[in-house]
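In: how would this look folded up:
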Amino acid sequence: GKPDKFILYLGLMVFFAAVCEGGMFDWSGVYFKEVVKEDLFTMGYLIFMTFMALSRFYSDRLIEQIGMQRMYILGASIVTLGILTAIVFPYYWPSLFGFSIVGIGVAAVFPMTFSLAGSSKKYSPGMAISIISTYGIVGMLIGPPLVGYLAHMFNLKYAFILFIFSGLMLIPLSRLFFREIKE
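Out: Presented below is the predicted three-dimensional model:
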C-alpha cells in the first residue's frame, strides 16, 4: 500500500542518508587514489568509517541536548561542509578532515529515523522499520552506481556533489516530517 506522509518522509530521509553512506563506503578510497593522488588510498574509507562509528556512540547525548529536528539539520550541514572541503581542497589533510566530518554528519540519521519509525500510527513498529529499511537499501544500491555514472560523465571530484545534494535533502524533508507530526 501507499505509505502515509509520516513513513514517506522518514523513508526519504533514510534514502538520502543511504546514498551518502553507501557512496562513501564505495568511493572514498577511490577518491583518495584518483583525486587526492594518495598512495595510502584506504585512509579515506578508514577515516570516514571510524568517525561514523564514533559518532554513533555519542550522538544520543547530542540529540538529547538539541533535539532530533535540529540534529537532522546539523547532520546535513556537517555532511555538506565535509564534502565541500574535500572537493574544494582535494589534498590529503583537508580531504581527511572532510571525510571525517561526513562520517559524523551522516551517523545519527539512521538511528534517529528508525527510532521515529517506531512511533508510526498507521503501522506497527516492525512494519514501519521494514518499510524504511527498504528505502535505505534502495539508497545504498542506487548511490554508488550513480556516483560512478556521474564520475564517468564529469569526473569523480564533481560526482561527489551528489553527496552534497543528498545531505541537503535532509533539511526540507526533516522540516516536512516534523511539521507533519505536529499537525
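In: and the pLDDT for Lys2?
Out: On the pLDDT scale, Lys2 is placed at 79.
In: Pro111 and Tyr58, how far apart?
Out: From Pro111 over to Tyr58 the distance is 12 Å, taken as CB to CB, to the nearest Å. For the C-beta atoms, the positions are set from N, CA and C on the backbone; glycine is no exception.
In: centre of the chain to whichever strand or helix holds Leu54, how far?
Out: Element membership for Leu54, per DSSP states H and E: helix 42-66. Computed by CA atoms, centre = their mean, to the nearest Å, the separation of helix 42-66 from the middle of its chain amounts to 12 Å.
In: what does stretch 125-143 give?
Out: 13 Å.
In: contact partners of that stretch?
Out: Stretch 125-143 has contacts (CB atoms under 8 Å, 6 or more residues apart in numbering) with 3, 7, 10-12, 14-23, 26, 110, 113-114, 117-120, 122-123, 162, 166.
In: how about the residue nearest to Ile104 when sequence neighbours are not counted, what does it touch?
Out: Once flanking residues are discounted, Ile104 sits nearest to Ser55: 4.4 Å by CB to CB, 6 or more residues apart in numbering. By CB under 8 Å, 6+ apart, the residues touching Ser55 are 103-104, 107-108.
In: 10 Å - rerun?
Out: 62, 75, 78, 100-101, 103-108 (CB atoms under 10 Å, 6 or more residues apart in numbering).
In: next one: Thr85
Out: Here Thr85 is in contact with 94-102 (CB under 10 Å, 6+ apart).
In: out of the residues you listed, which is nearest to Gly67?
Out: Ile101 (20.6 Å; CB to CB).
In: and that closest one, what element?
Out: Going by DSSP H and E, Ile101 is in helix 92-107.
In: where does the prediction get shaky in the protein?
Out: Applying pLDDT under 70 to the chain flags the ranges 1.
In: can you rerun that using 90?
Out: Residues of the chain meeting the criterion pLDDT under 90: 1-4, 39-42, 44, 121, 180-183.
In: and the helix or strand containing Ala128, how far out from the chain's middle?
Out: Per DSSP H and E: Ala128 is located in helix 125-153. In terms of CA atoms, centre = their mean, the centre of helix 125-153 is found 11 Å from the chain centre.
In: name the next helix or strand downstream of that helix, please.
Out: Assignment by DSSP H and E places the next element after helix 125-153 at helix 156-159.
In: can you name the next helix or strand after that following helix?
Out: Defined by DSSP H and E, the subsequent element after helix 156-159 is helix 161-168.
In: with that, I have no additional questions.
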